[in-house]
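S.K.: This is the structure alone, sequence omitted:
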């Protein structure tokens, strides 16, 4: 994080004059912004890093779209509830005086109001429960979708690891080693890379390198992994020991055996 320097006890007039004089001097050298832009144009990101960038943009766009859709749905539900609230809750009149000439009629009206109020309350409760149920269903569906994506990604990663000669047990141990050091975006980058298991294995063997990467912004870390860690991980692939059995011994090979027997049979034989 860049440190902020605060200028204190300076004459504002002098500062402005100094700034004005600096703007009049043309050094002929490109500005820092121009140099940074030129460097960015000259530096071409690795294909796997660019893929992560594109996927991240798509993910952000999808999250924004889903958020807007959820907000629109919530707003529609609120409008429905507001419309339901427009029908005021029935009020129950007070108990009439027992000596009131219209006592029976008022009691009947009061009992009717009590029933209407109870029905109104039940309807409102049912409406709220339905709204909560729909929201829970939407949240559960989104959760299930994300879990399915994670499960498939983990399964694909394990399959890639096995193809590269790394057992699922080794993969799990290596992931547990590096996980505390990595930003979620960097972890996703490793999981989606074609040789991600080798990158994970290499990082799990070099904690100092891993700690260095943990201090980088996610995009810088991805570029660093592609340019610095990937070549080392590639060496692991080249040095992988084959599990294939030793080739069978053929005639004429080995210590003694068939060759010695053939020599004994050919003793005294003359070839013309």
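M.R.: Alright, I've got the coordinates. On a predicted model such as this, the values are computed, not experimentally measured, just so you know.
S.K.: Name the residues of stretch 219-237 that are buried.
M.R.: Of all the residues in stretch 219-237, those buried under the rule 16 or more other CB atoms under 10 Å are 219, 221, 222, 223, 224, 225, 226, 229, 230, 232, 233, 236. Where you see a C-beta, it was placed from the backbone N, CA and C, and this is true even at glycine.
S.K.: Tell me the spacing between the fourth one and residue 152.
M.R.: Meaning residue 223. From residue 223 across to residue 152, the span is 27 Å (CB to CB, to the nearest Å).
S.K.: Now do the contacts for residue 162.
M.R.: residue 168 (CB atoms under 8 Å, 6 or more residues apart in numbering).
S.K.: low pLDDT regions in the stretch 51-200 of the chain?
M.R.: By pLDDT under 70, the low-scoring segments of the stretch 51-200 of the chain are 51-53, 55-57, 60, 81-86.
S.K.: can you pull out the helices in it?
M.R.: 103-163, 168-178, 184-192, 196-204 (DSSP state H, counting those that start in this stretch).
S.K.: any idea which of those is most buried?
M.R.: helix 196-204 (a mean of 24; mean count of other CB atoms under 10 Å).
S.K.: Mind putting the helices of the stretch 51-200 of the chain into a markdown table with distance to residue 213?
M.R.: Below are the helices of the stretch 51-200 of the chain laid out as a markdown table (distance: least, CB to CB, whole Å):
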| stretch | distance to residue 213 |
| --- | --- |
| helix 103-163 | 19 |
| helix 168-178 | 9 |
| helix 184-192 | 7 |
| helix 196-204 | 7 |
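S.K.: so which of the ones you listed gets nearest residue 210?
M.R.: Across the helices of the stretch 51-200 of the chain, residue 210 has its closest neighbour in helix 196-204 (4.9 Å, CB to CB).
S.K.: Quick check: next helix or strand after the closest one?
M.R.: Note on helix 196-204: by DSSP states H and E, the next helix or strand toward the C-terminus is helix 207-214.
S.K.: mind listing what's buried in that following helix?
M.R.: 209, 210, 213.
S.K.: ok, of the residues you listed, which one's closest to residue 145?
M.R.: For the buried residues of helix 207-214, the nearest to residue 145 is residue 213 (30.2 Å; CB to CB).
S.K.: tell me the contacts of the nearest residue to the closest one once chain neighbours are set aside?
M.R.: Spatially, and ignoring its direct neighbours in sequence, residue 213 is nearest to residue 221 (4.9 Å; CB to CB, 6 or more residues apart in numbering). Residue 221 sits next to 183, 186, 213, 214 when contact means CB under 8 Å, 6+ apart.
S.K.: In which helix or strand does residue 221 reside?
M.R.: Assigned by DSSP H and E, residue 221 falls in helix 218-224.
S.K.: as a whole number, average confidence for that helix?
M.R.: For helix 218-224, mean pLDDT is 93.
S.K.: which residues sit against the helix or strand following it?
M.R.: Going down the chain from helix 218-224, the next helix or strand is helix 230-238, by DSSP H and E. Residues external to helix 230-238 that are found in contact with it (CB under 8 Å, 6+ apart): 164, 195, 198, 199, 201, 202, 206.
S.K.: No further questions, thank you.
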